[in-house]
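Trainee: Dropping the sequence and predicted coords here.
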Amino acid sequence: MILLPTFSPCVIADGVLRIDRKVHTGTCLYAESLDAEIVVLAPVLSDGDRQMDFIEVPLDQVPYRVETVRCNGNFEPLGTDVDRVAALVREARLLYGTGFGTEQYARSLGKTFIPVVEYNLRTQIEVARLPVSGFLRRGIRTVRALIRTAREVLTLRAAHSIHCNGYPIFDQTIRFHADCLLYLDSRMGREMVIDEERLEARIASLEGGRRPLLLYSGRYEAMKGAMDVVEVGVDLFEAGVDFELDLYGKGDQAEAMRACVEAAGASERIRVHDAIPYPELVERSHDSDLFVCCHVQDDPSCTYLESCGSGLPIAGYGNAMWRPFAAAAQNGLVTELGEPTRLASAIKELLMNRVQLADWARKSRAFALEHTFEAEFEKRISALRKHL
């Protein structure tokens with residue numbers, strides 16, 4: 001049995017599994033490709049969870065087993081689930097992932113374990129500090145994050161291998177573990193990548209004078225820079241740039257974002273929508289011309305690769321994920337963190353250079369085809385086979 005802990009919650013009710021689309025699709029590939037029973041260990045889904053792309057699957061059509069865990073905010077099992085998690089680790093041939101204390105159990109039992117990591121130290125500190133205000137409280141959270149990371153490093157050193165989602169965590173992890181796999185996570189399967197003919201038609205219509213369509217999708221939260229995206233749009237609007245900007249997502253900043261647009265009188269050009277299902281978002285992305293990304297954190301968001309799959313150039317803040325991604329894909333512009341006015345100015349110049357936009361759009365598609373969901377998962381599956 002291979003045990004796969006995930007931080008993404010799910011729930012089973014009335015013979016139906018409600019689970020994140022990407023988690024389900026990836027786990028199905030593991031079940032099809034690896035000669036072992038696959039068991040997913042996941043938190044119980046609650047009404048307050050903010051994930052945006054759940055699907056419902058009849059349980060008799062799920063090719064893997066799901067074990068839900070009652071846990072606290074740090075993903076530590078509660079009550080009788082402590083012993084249940086430990087028993088699952090004892091039963092497993094291989095542990096693939098982190099959470100619920102499974103790494104410590106695997107290490108103490110001498111089990112093969114391969115952690116999957118994605119947040120570098122800077123992002124972990126930002127996540128820890130964000131919910132509180134005040135110098136002292138934020139300082140305490142920072143120290144705790146440093147201590148937690150130091151403990152995690154000791155555990156990770158004992159791992160058989162480490163799979164790293166994105167450039168920032170790979171660059172950090174390779175310093176203390178020689179066997180690290182870099183992969184780029186996304187939901188963009190090969191069949192979802194924009195057709196070349198459709199992309200060329202879109203480029204031709206833009207070069208023919210059509211109004212550029214800008215896009216943002218993701219959580220409406222401070223670390224995702226959602227409000228900054230709105231400010232970029234307002235700056236472009238006030239500068240007289242001919243464009244439209246659509247935002248899709250949900251989060252705490254939604255109402256403030258809409259209020260900012262209304263105050264600027266830009267509601268006809270900038271539209272803050274609710275979240276939509278991923279397949280529908282892909283269609284909207286295929287019809288857009290530029291993705292605006294103001295992530296202030298270094299997280300390995302799916303946004304970058306999924307935008308590439310729609311043939312979208314990216315204009316974004318130069319965090320530790322976008323900078324190396326832009327260098328690898330050669331498909332967008334990078335500006336300073338936290339300065340929406342500078343990003344708006346760069347976008348204004350870019351929109352006047354339709355040749356550059358077209359070149360980056362084609363490079364985005366080419367990069368996506370090299371790193372499809374299937375290609376990235378096959379890379380991970382091949383690595384797992386070596387340890388089985």
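Mentor: That came through fine.
Trainee: what's the longest helix in the chain?
Mentor: helix 135-157 (DSSP state H).
Trainee: which outside residues touch it?
Mentor: Helix 135-157 is contacted from outside by 103-104, 107, 115, 117, 121, 124-125, 127-129, 132, 162, 173, 176-177, using C-beta atoms under 8 Å, 6 or more residues apart in numbering. For every residue, glycine as well, the C-beta is placed using N, CA and C.
Trainee: Which SSE is immediately downstream of it?
Mentor: Note on helix 135-157: by DSSP states H and E, the next helix or strand toward the C-terminus is strand 162-165.
Trainee: Adjacent strands (with direction) for that next one?
Mentor: According to DSSP bridges, strand 162-165 forms sheet pairs with strand 116-117 (parallel), strand 180-183 (parallel).
Trainee: Show me the one of these that comes nearest residue 224.
Mentor: Go through those one by one with C-beta to C-beta and the one that ends up closest to residue 224 is strand 116-117, at 20.1 Å.
Trainee: quick one: the closest one to chain centroid distance?
Mentor: 13 Å (C-alpha atoms, centre = their mean, to the nearest Å).
Trainee: quick one: contacts for residue 15?
Mentor: Contacts for residue 15 (C-beta under 8 Å, 6+ apart) come out as 58-60.
Trainee: Over to residue 378?
Mentor: Applying C-beta under 8 Å, 6+ apart, we find residue 378 in contact with residue 33.
Trainee: That one belongs to a strand?
Mentor: No - secondary structure of residue 378 (DSSP: H, G, I helix; E, B strand; the rest coil): helix, not part of a strand.
Trainee: Mind jotting down where the helices sit in the stretch 201-350 of the chain?
Mentor: Taking DSSP state H, counting those that start in this stretch as the criterion, the stretch 201-350 of the chain carries its helices at 226-238, 254-263, 278-286, 303-309, 322-329, 340-351.
Trainee: ok, and which of those has the densest surroundings?
Mentor: Among those, helix 303-309 has the highest mean neighbour count (mean count of other C-beta atoms under 10 Å), at a mean of 27.
Trainee: Can you give the contact residues for it?
Mentor: Helix 303-309 is touched from outside by 184-188, 192-194, 215, 217-218, 282, 285, 291, 293, 295, 314, 321-322, 325, 329, 331, 364-365, 367-368, 371-372, with contacts defined as C-beta under 8 Å, 6+ apart.
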